[in-house]
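1. Sequence and predicted structure below; questions after.
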Amino acid sequence: MTLTTLQLSDPFDTLTYREAGSGAPVVLIHGVGMQSAAWAPQIAALSKTHRVIALDMPGHGGSSPLPQDAQLPAFVDWLHAALSALDVKHASIAGHSMGALIAAGYATTYPANPQRVALLNCVYRRTDDARTAVVTRADQIRTAGFDLETPLTRWFGDSTIQQAARAEVAKWLSDVDLDGYATAYGAFARGDTTYADRLGDIKCPLLAITGDGDQNSTPSMSQAMADAAPQGQALVIAGHRHMVNLTAPDAVNNALIRWLATPSEGGTT
């Protein structure tokens, strides 16, 4: 697996990404505070049959940040610039959390491009109280930073595999650039309705996955997104929370392998 830096078109500057395997492309987009390495279990599994490209989101890993006031559409524009620079027009795209919002936004904006879309632990139409709480948290992060323990406690249980994943995630969160984190979190906090009315425009197979213990990216949200898309399916993984790709890698990998085998009318690179 190689880590590569690529120059994007203005105004996006540089992109870093990990790539492995060959074949039809699969693009992976991580969540706020993470980096492309967070997809390690999926890169290992999916690169046996596909070209897997895991992107570092703006302001994360080695990718250049977006302006501080950037909202979700700017991240969708960034993804379009990244795929154009990679010469990848038609791909299966999977995103986690904020990455899932970007993937969904891209699929509604460029419906002819993605072959498939997978949304892991994606938020969709928060309640008013939940939206107020997350926007308040986003504003606090911009001015005062963030408490590392709060998301870790929310995302992980006490099992051995969950604690091992927690240690990895804690390191990535500790290393994240605060400005890049704050910008992405602000867009994440305000992005749950940006493309919500347009999921019906996603004609390719859509898979929505979450854990039954995820209090923010809830099972009902995943089912609602699946119901809104013409070829939508939902999967809820019992006993897991927000970081299912790390805490339930076999279940997620098997689901993604089935997703990749789903016939699609999308094109090829």
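-> Great, that's in hand. Numbers count the residues shown, from 1 in each chain.
2. quick one: the strands in the stretch 51-200 of the chain?
-> 51-55, 92-96, 116-120 (DSSP state E, counting those that start in this stretch).
3. what's the closest of the ones you listed to Glu168?
-> strand 92-96 (13.8 Å; C-beta to C-beta). All C-beta atoms are positioned from the backbone trio N, CA, C, and that covers glycine.
4. Quick one: residues in contact with the closest one.
-> Outside strand 92-96, the residues within contact range by C-beta atoms under 8 Å, 6 or more residues apart in numbering are 24-31, 34, 38-39, 42, 50, 101-104, 106-107, 114-122, 243, 245, 256, 259-260, 264.
5. do stretch 69-85 as well
-> Contacts of stretch 69-85 (C-beta under 8 Å, 6+ apart): 6-9, 12, 15, 17, 27, 29, 55, 57-58, 66-67, 89, 91, 98, 101-103, 105-106, 109-110, 113, 183-184, 186-188, 190-191, 194-195.
6. any low-confidence regions in the chain?
-> By pLDDT under 70, the weakly predicted segments of the chain are 266-269.
7. Please identify the nearest residue in space to Ala234, excluding sequence neighbours.
-> Ala226 (3.9 Å; C-beta to C-beta, 6 or more residues apart in numbering).
8. hang on, isn't the one you found packed against Gln233?
-> Yes. Using C-beta atoms under 8 Å, Ala226 is in contact with Gln233, at 5.4 Å.
9. quick one: contacts for the residue nearest to Ala234?
-> Contacts of Ala226 (C-beta under 8 Å, 6+ apart): 206-208, 232-234.
10. please redo it, this time with the cut-off set to 7 Å
-> Contact analysis of Ala226 by C-beta atoms under 7 Å, 6 or more residues apart in numbering lists 206, 208, 232-234.
11. Who wins on neighbours among the residues you listed?
-> Ala208 (30 neighbours; other C-beta atoms under 10 Å).
12. Ramachandran angles for that one?
-> phi -110, psi 120 (degrees, to the nearest 10).
13. Name the nearest residue to it, sequence neighbours excluded.
-> Using C-beta to C-beta, 6+ apart, the nearest residue to Ala208 is Ser222, at 3.9 Å.
14. Burial check on the one you found, number of neighbours?
-> With other C-beta under 10 Å as criterion, Ser222 counts 28.
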